[in-house]
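Engineer: Quick one, what's the 3D model for this:
(chains A and B)
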2 protein chains.
Amino acid sequence: MTEKSKFLLSEEDIPKTWYNIQADLGFDLPPLLHPETKEPTILPPPLFCAALNEQEFSKEREIEIPKPVRDIYRMYRPSPLIRARRLEKALDTPAHIYYKYEGGSPSGSHKPNTAIAQAFYAKEAGLKRLATETGAGQWGSALAFACKLLGLECKVFMVRVSYNQKPYRRVMMETWGAEVVESPNASTPMGAAFLEQDPDHPGSLGVAISEAVFTAGTNDDTNYALGSVLNHVLMHQTVIGLETQKQFEMADEYPDILIASIGGGSNFSGFVFPFMREKIVDGRDIRIIAVEPTASPSLTRGIYAFDYGDTAQAAPIAKMFTLGHTFIPAPIHAGGLRYHGMAPIVAALYDKGLIEATAESQLPVFKAAVQFAQTEGVIPAPETAHAVKVAIDEALKAKEEGVSKVIAFNFSGHGLLDLAAYDAYNQGSLEDYALPEESIKAAMAILPEVPTEYAAA
Amino acid sequence: MTEKSKFLLSEEDIPKTWYNIQADLGFDLPPLLHPETKEPTILPPPLFCAALNEQEFSKEREIEIPKPVRDIYRMYRPSPLIRARRLEKALDTPAHIYYKYEGGSPSGSHKPNTAIAQAFYAKEAGLKRLATETGAGQWGSALAFACKLLGLECKVFMVRVSYNQKPYRRVMMETWGAEVVESPNASTPMGAAFLEQDPDHPGSLGVAISEAVFTAGTNDDTNYALGSVLNHVLMHQTVIGLETQKQFEMADEYPDILIASIGGGSNFSGFVFPFMREKIVDGRDIRIIAVEPTASPSLTRGIYAFDYGDTAQAAPIAKMFTLGHTFIPAPIHAGGLRYHGMAPIVAALYDKGLIEATAESQLPVFKAAVQFAQTEGVIPAPETAHAVKVAIDEALKAKEEGVSKVIAFNFSGHGLLDLAAYDAYNQGSLEDYALPEESIKAAMAILPEVPTEYAAA
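Structural biologist: The predicted structure is shown next:
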């Protein structure tokens, strides 16, 4: 235990530019289609300011991070890269396990990396308010924090199952001055309709997106902010991977395997895209694994097709791996992973075989999380625990095979506001859910039809 | 916002020795007296191992930190010193406000600094288990974490009011493998007696200490661990102030005012003792302020007298500022500050006029905490918020007086597991409590009589 375990950068090492993987893909992404006309579209201008729209479609490799954004990043960045020596010892593995710790931000996850940027551009564009949805609450609390620092109002539609499971997340958002309501919510037409169908509707990210989009679309002073999926959101997160690259140089190692949990794709993309460049451009041999929940297995069980980004068909249509926009995942505690679709860039990378994907179910995920907490001290968010599970599996595989591997995962957030889930696990009352075969089949049967020329894209 | 805000040290800068202020006090502390014989005593050997007893009475200035302890410190130390530039700006003050951020440890407070040391020495001494009490849960979770890492069992008596207000703290302890029970608890004779008197007894640190002490005293394989008050505990916390001194050198400043919240005295002492040495030995001009809650105002309303450390009169008698060992503070959310007494060293320093003290009530404390959260991002624990309140007051005073002061406070822990209290504050339902004049008077009427030769000490 004499060698370093923490690889720390100084404030000057915070990246000055985001990395835009669109410059290096070597192929064009399928177009984004308008939800009604089904013709190519930009992000709807009533919802997104011009600066973010420009980033969404840019092919510039490096996009400058505005100084005010970097100044707020300095409140919690650079984040440490940590070698999990106590976990390695407990597993008795020859593998080296590293984790990039994004749990140190004020809201406790990687989400502020894009929330701050989005709030900055909205403020610059003269807006007064941002509206958004949140699943587990990680995104909503990050946006509440960012809006407060940048002098914007914030309205959050919180998926009902999380609103009830995670009251502390709501309190956190309110403490930062945000207005938080349950979704589905009777104050929007789509929320009212969903509640009429089912008064006990558990909500989903797809539904909550519809409600936040409606709110932004019907208020001139309000824009919409999305915490994942879109190209510019993934790009803002690349500060994670850019820092990690420098830190691996400090550690004098290079990762054989990169692992991150995946819902919409933001923590995964932010962590792996800078390495993906080294894989695509420099031909580096590196395995990249996305870990999704079995309750919402868009990569491993979905199909690569055009689908709406939200349940109420108000958001644009994108080509992605999807379970169908009407699919409502089981109420697992990893609320941030309960999304029917997948970021278009991640979907394209998966389609081309550049990344791997695996699905894990709730109980073994929590078992891994507790092992991590009992060795490394830190308690992971249920989302993050998906990556922990696969990192442990890969470390045990390396042990079996007698090979030393360098395994790195993104510790996207801590689980201090998810302790109700740990309580259920500790008491033995946490449930696993059967794979929802029937509801996937039903949801996939009603994907939108799009013009043939795009369908072939 | 171009200058540095975070002053970071590297793992090599973790102190190699603790600072023992007993070497520099220039006076002898009054003796510790046996609860029954009322004659001088060491810490009861059935409760404390020899190594800790030696530290308790040592006059060595520097005591080596064992390497395994430093190796665990490296999981979260050194902690950053942060300049609160956004708070300064919001207050429009010429003062410079710094905070030492102890919220980054796995359990979220400064408490692991001594928990790890105590667990290490207990393991070395061949013990199997540690028993303790916890108020807000910060100490219990720190000890649960430390015991798990060092291979010990851990049993925690949690003050009932916190057990109910802060279920997440219990879950955290259980996730690290500890056994957690409510105090008063029918499983101990004193717990049973208190419950018979009052089935709704809210508990207090004094009662919970009695129960943990009983458990350790009646089990050969179990020692007792205390999270504050005792000399060795305060000493383990001096890593905080020792790091802060180095960080002020980096910042090229020197504090005019040091502020910390105070209950038993551990975060206060750990932060200020290394500076107190500079005040006593080098004659530096520095104000040192302890902030206690009005609900438990031992320094500002208690008397300097010999009293039992616990409610059931099972712990030794120490000379301290006390409200009387039977005093039960109102159920404020800063559960970690609900103690009737005060660390003997802190009491002696206050008696000699070397430190100041002030008492703050719950509502203005939470107001300050929310202002801090909305500017600096981080949400403080209710205990920590007491220090925030006075730091803001001093910064505003500096503004009024038109003088630039360097103000530093110890950010002893984050409030992510205290969000129920913030919810009450945000909803306007948080209560303030009147100063408990009558119950203080009643409790102070029954202090123990001790032999005259010691009473004069």
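Engineer: Pick out the residue of the stretch 51-200 of chain A closest to chain B.
Structural biologist: Across the stretch 51-200 of chain A, no residue is closer to chain B than residue A:106, which sits at 3.3 Å (CB to the nearest CB). To be clear about C-beta, it is placed using only N, CA and C from the backbone, and glycine gets the same treatment.
Engineer: scratch that, the stretch 251-400 of chain A
Structural biologist: In the stretch 251-400 of chain A, no residue comes nearer to chain B than residue A:377, which is 3.3 Å away by CB to the nearest CB.
Engineer: So what's the residue count around that residue?
Structural biologist: Residues near residue A:377, counting by other CB atoms under 10 Å in any protein chain shown, number 20.
Engineer: Find the residue closest to it in space, skipping its chain neighbours.
Structural biologist: residue B:106 (3.3 Å; CB to CB, 6 or more residues apart in numbering or on different chains).
Engineer: cool, and residue A:110?
Structural biologist: Closest residue in space to residue A:110, ignoring its immediate chain neighbours: residue A:102 at 3.9 Å, by CB to CB, 6+ apart.
Engineer: now do residue A:357
Structural biologist: residue A:299 (3.8 Å).
Engineer: give me every residue that touches the residue of the stretch 51-200 of chain A closest to chain B.
Structural biologist: Shown in contact with residue A:106 (CB atoms under 8 Å, 6 or more residues apart in numbering or on different chains): A:75-76, A:112, A:145, B:377-379.
Engineer: do you know how far it is from residue B:419?
Structural biologist: Residue A:106 sits 13 Å away from residue B:419, going by CB to CB, to the nearest Å.
Engineer: try residue A:266
Structural biologist: In terms of CB to CB, residue A:266 sits 24 Å off from residue B:419.
Engineer: more crowded one of the two?
Structural biologist: Neighbours per residue (other CB under 10 Å) separate residue A:266 from residue B:419, with residue A:266 holding more: 31 against 23.
Engineer: Work out for me the element the closest residue to the more buried one other than its chain neighbours sits within.
Structural biologist: Spatial nearest neighbour of residue A:266, chain neighbours left out: residue A:228 (4.0 Å); criterion: CB to CB, 6+ apart. According to DSSP states H and E, residue A:228 maps onto no helix or strand at all.
Engineer: Next, count neighbours for residue A:228.
Structural biologist: Neighbour count of residue A:228, defined by other CB under 10 Å: 26.
Engineer: In contact with it, which residues?
Structural biologist: Residue A:228 is in contact with A:139, A:234, A:263-266, A:339, A:343, counting by CB under 8 Å, 6+ apart.
Engineer: and what of residue A:211?
Structural biologist: If you count contacts by CB under 8 Å, 6+ apart, then residue A:211 has A:133, A:157, A:183-185, A:188, A:190-191 around it.
Engineer: give me phi/psi at the closest residue to residue A:147 other than its chain neighbours?
Structural biologist: Leaving aside its sequence neighbours, residue A:147 sits nearest to residue A:154 (CB to CB, 6+ apart; 3.8 Å). Main-chain dihedrals, residue A:154, degrees, to the nearest 10: phi -140, psi 130.
Engineer: returning to that earlier point: let me see the confidence value for the residue nearest to residue A:377.
Structural biologist: Looking at residue B:106, its pLDDT is 97.
Engineer: any idea how far residue A:217 is from it?
Structural biologist: Taking CB to CB, one finds residue B:106 at 43 Å from residue A:217.
Engineer: all strands for the stretch 101-250 of chain A, in order.
Structural biologist: For the stretch 101-250 of chain A, applying DSSP state E, counting those that start in this stretch gives strands covering A:129-134, A:153-159, A:179-183, A:222-224.
Engineer: if we compare those, which one ends up closest to residue A:334?
Structural biologist: Nearest to residue A:334 among the strands of the stretch 101-250 of chain A is strand A:153-159 (12.0 Å), distances taken as CB to CB.
Engineer: what stretches of chain A score poorly on pLDDT?
Structural biologist: A:1-2, A:457 (pLDDT under 70).
Engineer: what residue lies at the spatial centre of it?
Structural biologist: Per CA atoms, centre = their mean, the C-alpha nearest to the average position across chain A is that of residue A:266, at 3.5 Å.
Engineer: Could you verify my assumption that that residue touches residue A:235?
Structural biologist: No - using CB atoms under 8 Å, residue A:266 is not in contact with residue A:235; the gap is 9.9 Å.
Engineer: quick one, strands of the stretch 351-457 of chain A?
Structural biologist: So, for the stretch 351-457 of chain A - with DSSP E, counting those that start in this stretch - the strands run A:356-360, A:406-411.
Engineer: Point out the most buried one among the ones you listed.
Structural biologist: Ranked by mean neighbour count, the strands of the stretch 351-457 of chain A are led by strand A:406-411 with a mean of 28 (mean count of other CB atoms under 10 Å in any protein chain shown).
Engineer: State the helix or strand in which residue A:254 lies.
Structural biologist: Per DSSP H and E, there is no helix or strand for residue A:254.
Engineer: Pull the number of nearby residues for residue A:70.
Structural biologist: The local packing of residue A:70 (other CB under 10 Å) involves 18 other residues.
Engineer: Off-centre distance for the helix or strand harbouring it?
Structural biologist: Assigned by DSSP H and E, residue A:70 belongs to helix A:67-73. Offset of helix A:67-73 from its chain centre (CA atoms, centre = their mean, to the nearest Å): 21 Å.
Engineer: for stretch A:81-95, same thing?
Structural biologist: With CA atoms, centre = their mean, you get 26 Å for stretch A:81-95.
Engineer: Would you mark the buried spots in that stretch?
Structural biologist: By neighbour count on 16 or more other CB atoms under 10 Å in any protein chain shown, the buried set for stretch A:81-95 is A:81-88, A:91, A:93, A:95.
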